[in-house]
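K.L.:
Model the structure of this input:
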Amino acid sequence: MATGDDDETLPEVGLLEAVWRYRWSSLLIIILSGLIASGATLMVLNTVTATARFAVIDPRSTSFLRQGVSSDSSFIAYTAQRAAFAESAQVLTRAQRLLETERSYRIDLETLRASVEVAPAPSGGIVEVEATAKTDRAAADIANAVVTAYQALTASAAQADQAKLLKSIKATEAQIKGNLKAAPANGAVATSLTEVLVQLQLKESDAQIDLVSYNDGTRFVDQANPLRITPSKVPRNAAIGLALGVLVAVVISFLRATSPISRVGKVTTGAGRRKRPRRIVLAKARPTRLTSPALSRNDPDDTAVHTRDSLRAYEEDDDDLRVVIDAGEETRSPR
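P.N.:
Below you'll find the model as predicted:
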């Protein structure tokens, strides 16, 4: 009897089949990715920001506080200077004291410097103060404290400059009044001194008006809102982590399923379970007594005993299933 070999090739593995085969490890990868993303968000991205804005007054609107501003380009440079001053140690030290006294919020100067960033807006004339803290209220309080400290120090500096100017004007007035007393009445010198005295008095009045209009150097202030609630970044980053985990799990599962090493010695079904090997079954030899009329006519011995030894073995290897059948010899025995 002939012997044949039937080869069975392994089926192609799809993405869904690969993920289902390694579903537990894939689920673990996805969960770990979501947890890592959430933990990183809570540990690293756990700060919020608040922004306060103020518009600086154009010094060209004053008579004696121009500070060298004479054109639009110089005004933009002036705005950048005021932004740098708002981030200076003087302003931050004043803001630190304001936070401690008014908000009962203690913070050291270096931490305050690291959490505050001041920059002029691109449009010019606007300065933005951005503060970073653990909570929205703390960030808003820091930004507003910096703006308040800037206003206070700017007003103090303007008052000091105006005080120097007024002191100089008054000293000049006193000198002119003394000379006016010594000059002949209704003379040319007296008339000239009188005109100079009037101009100085007008200058003094203008200086006082400038001080009132310039005030603290800000045209308006847009304070940060301490009641603002920043949405948490944890849900969004957790969703991103889960999505990345799904992608990684699919790739790893497909690589494991299609790896030559993992396919050696495995024949899988669609459900991802290994086929059970078939047992080797040995058929015992069994004598069979047959009575054949044809043999009885040709042979005086009409009865013959035929023995067939059949051996069937089922063998299974990694790729195919072979059935081997060995047939034994047929013999006759005398009556």
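K.L.:
quick one, helices of this protein?
P.N.:
Under the criterion DSSP state H, the chain contains helices at 15-21, 23-43, 72-86, 89-102, 109-115, 136-182, 188-214, 234-258, 260-263, 293-298.
K.L.:
wait, which of the ones you listed is closest to Gly125?
P.N.:
Distance to Gly125, taken as Cβ to Cβ, is lowest for helix 72-86 among those, at 5.7 Å. In short, each C-beta sits where N, CA and C put it, glycine included.
K.L.:
Relative to Ala89, how far out is Val251?
P.N.:
Val251 sits 53 Å away from Ala89 when distances are taken as Cβ to Cβ, to the nearest Å.
K.L.:
same question, Gly187
P.N.:
In this structure, Gly187 and Ala89 are separated by 57 Å, where distance is defined by Cβ to Cβ.
K.L.:
How about Ala185?
P.N.:
Here the distance between Ala185 and Ala89 works out to 58 Å (Cβ to Cβ).
K.L.:
can you check Ile126 too?
P.N.:
Here Ile126 is placed at a distance of 23 Å from Ala89 (Cβ to Cβ).
K.L.:
Near Ser25, how many other residues are there?
P.N.:
Other residues lying near Ser25 total 14 when counted by other Cβ atoms under 10 Å.
K.L.:
ok, back up a step: please name whichever of the helices of the chain is nearest to Leu65.
P.N.:
Checking the helices of the chain against Leu65 by Cβ to Cβ gives helix 188-214 as the closest, at 5.1 Å.
K.L.:
Buried ones in that closest one, by neighbour count?
P.N.:
Judged by neighbour count (16 or more other Cβ atoms under 10 Å), helix 188-214 contains these buried residues: 190, 193, 197, 200, 203-204, 207, 210-211, 214.
K.L.:
Tyr105 and Asp141 touch, don't they?
P.N.:
Yes: under the criterion of Cβ atoms under 8 Å, Tyr105 is in contact with Asp141, at a separation of 6.0 Å.
K.L.:
Give me the common contacts of these two.
P.N.:
Leu99 (Cβ atoms under 8 Å, 6 or more residues apart in numbering).
K.L.:
Looking at the two, which has the bigger crowd around it?
P.N.:
Applying other Cβ under 10 Å to Tyr105 and Asp141 shows that Asp141 carries more neighbours, namely 23 against 16.
K.L.:
who's more crowded, Ile126 and Ala89?
P.N.:
Taking Ile126 and Ala89 together and counting by other Cβ under 10 Å, Ile126 has the greater number of neighbours (18 against 9).
K.L.:
If we ignore the residues flanking it in sequence, what's nearest the more buried one?
P.N.:
Ala55 (5.5 Å; Cβ to Cβ, 6 or more residues apart in numbering).
K.L.:
what sits against that neighbour?
P.N.:
Ala55 makes contacts with 125-127, 218-220, as judged by Cβ under 8 Å, 6+ apart.
K.L.:
let's go with 10 Å and repeat that
P.N.:
Counting by Cβ atoms under 10 Å, 6 or more residues apart in numbering, Ala55 makes contact with 79, 121, 124-127, 217-222.
K.L.:
Which of those residues sits closest to Ala171?
P.N.:
Minimum distance to Ala171 across these is 26.8 Å, recorded for Gly217 (Cβ to Cβ).
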